[in-house]
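[1] Can you look at this prediction? I've put the sequence above it.
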Amino acid sequence: MTSPGKPAPAASALLQRTKWMYRRRGFSNLLKMGHCAPAVMQTFLDPGDGKEEWLVRMTAGLPGGIGNTGFECGGITSPLIRFGLEHGLRQGRDGLPLVIHAGHDYDRRFRQRHRSLLCKEILGKRRVPLPCIKVACLAPELYRQTDCEGGGEAISGATRDAFLLLHAHLRASDFHCAHAVLKHLQGTIPASRELLDGTSGFIGGTAFNGLTCSAFSAGLMAVGLKLGEIEGSYLRVMRMLAIMIAGGNALADHLNKFNRLVNIGNRMAKWFKGEFGSTLCREVVQCDFSSMSDVQRYIEKGSIATCRVIAEKAARQAERIIQQNGVWP
């Protein structure tokens, strides 16, 4: 007999096989693509022989912590897109979108394995990004383990109250930072239901975390959708790694098809920082969304007007980059 709460032997064996299948595919995809966010996304697509290349292109500029800024790891951003596709902005029992619950529960599990959500902290001062292997291999199983219903402890009571107030305010104002950017780009990129769902978790600096401004993230994802190419060569990635080990510029555009978008993203980040002082949501709006007093101040000051301006400017910059085929405006 099996112990209560434990899977039967056959089910347990299936889980183990699935886990190792994802790990092998994650490692293989990283070796032939060379970057975390696209490799993780491709691994999500592989089991069903998914051909949704647009999802991989969408992540083209996200490696290196979103435009090589060192912030959210690609092992965070690609799963958040998948959670968005699954849940959109559908609300859970407490009124908070399920994608926010899923994002925070996934973040908790990710931190337990990698100690941080940030690329620069995961990599440290290593020349060779060996921790990316662990990230790419483990992301799918962490995704499968995630609690999307808010039954876990990823969002505390006080933080949940602050998030609920913020969500209610944004919803009443008909504003979503990432969606606002995509809707401004309607003439360039159709804001399909799938695209809006996939970016649902990019709100308030990545699931209300106050990290990379979601308007910037959405603008970069839009550029990736239009200009991104997909790397798929083990030999080219090996050459890129050899140049990296030797201390050369492994991010040169010609070395990897994703590199061009990563470099465009980095230039976008510098532009964004010049315009708004930072690429981090919490620094731009001077608000910690996990704090009730900060959220109340954000509402009272009418800070959402600032966010609308940022979204429009980020969209216009993305549009200029797309129109000029990646040549910097």
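    Received the coordinates, thanks. Residues are numbered from 1 along each chain as shown.
[2] next helix or strand past the worst-scoring helix or strand of the chain on mean pLDDT?
    Using mean pLDDT, DSSP states H and E, the weakest-scoring helix or strand in the chain turns out to be helix 9-33, at a mean of 82. As assigned by DSSP states H and E, the chain's next helix or strand after helix 9-33 is helix 36-45.
[3] What is that next one packed up against?
    helix 9-33, helix 53-58, helix 74-87, helix 131-145 (3 or more CB pairs under 8 Å, 6 or more residues apart in numbering; DSSP states H and E). C-beta: built from backbone N, CA, C; applies to glycine.
[4] Would you point to the one among those that's packed deepest?
    Sort the helices and strands packed on helix 36-45 by mean neighbour count, taking mean count of other CB atoms under 10 Å, and helix 74-87 sits at the top with a mean of 25.
[5] helix or strand right after that helix?
    helix 98-114.
[6] tell me the mean pLDDT for that next one?
    On average, the pLDDT along helix 98-114 is 96.
[7] cool, and stretch 186-197?
    On average, stretch 186-197 scores 94.
[8] Now that stretch: buried residues?
    Neighbour counts using 16 or more other CB atoms under 10 Å place 188-189, 191, 195-197 of stretch 186-197 among the buried residues.
[9] For the stretch 51-200 of the chain, which residues score under the pLDDT cut-off?
    Along the stretch 51-200 of the chain, segments meeting pLDDT under 70 span 51, 150-152.
[10] Output the contacting helices and strands for the least confident helix or strand of the chain.
    Secondary elements touching helix 9-33 (3+ CB pairs under 8 Å, 6+ apart): helix 36-45, helix 131-145, helix 234-245.
[11] May I see those helices organised as CSV, with distance to Arg320 added?
    Listed next are the helices and strands packed on helix 9-33 as CSV, based on distance: least, CB to CB, whole Å:
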stretch, distance to Arg320
helix 36-45, 24
helix 131-145, 31
helix 234-245, 29
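[12] Now for the closest residue to Met221 other than its chain neighbours: which residues touch it?
    Leaving aside its chain neighbours, Met221 sits nearest to Met58 (4.9 Å; criterion: CB to CB, 6 or more residues apart in numbering). Counting by CB atoms under 8 Å, 6 or more residues apart in numbering, Met58 touches 41, 81, 198, 221, 224-225, 228.
[13] related to what we said a few turns ago, quick one: which of the helices and strands packed on helix 9-33 is nearest Gly65?
    Nearest to Gly65, of all the helices and strands packed on helix 9-33, is helix 36-45, at 9.4 Å by CB to CB.
[14] ok, residues contacting the closest one?
    Contacts for helix 36-45 (CB under 8 Å, 6+ apart): 22, 25-26, 29-30, 33, 50-52, 55-56, 58-60, 62-63, 73-75, 77-79, 81-82, 119, 132, 135-136, 139-140, 143, 230-231, 258.
[15] Find the centremost residue of this structure, please.
    Thr77 (1.8 Å; CA atoms, centre = their mean).
[16] Once you drop chain neighbours, what's closest to that one?
    Leu62 (4.9 Å).
[17] Now for the one you found, how many residues are close by?
    Leu62: 33 surrounding residues under other CB atoms under 10 Å.
[18] Cross-check the contact I'm expecting between it and Met221.
    Yes. Counting by CB atoms under 8 Å, Met221 is a contact partner of Leu62 at 7.4 Å.
[19] What segments of the stretch 201-329 of the chain are helices?
    Using DSSP state H, counting those that start in this stretch, the helices found in the stretch 201-329 of the chain span residues 214-227, 234-245, 259-276, 281-284, 292-300, 304-323.
[20] Contact partners for Ala222?
    Contacts of Ala222 (CB under 8 Å, 6+ apart): 181-182, 185, 188-189, 315, 318, 322.
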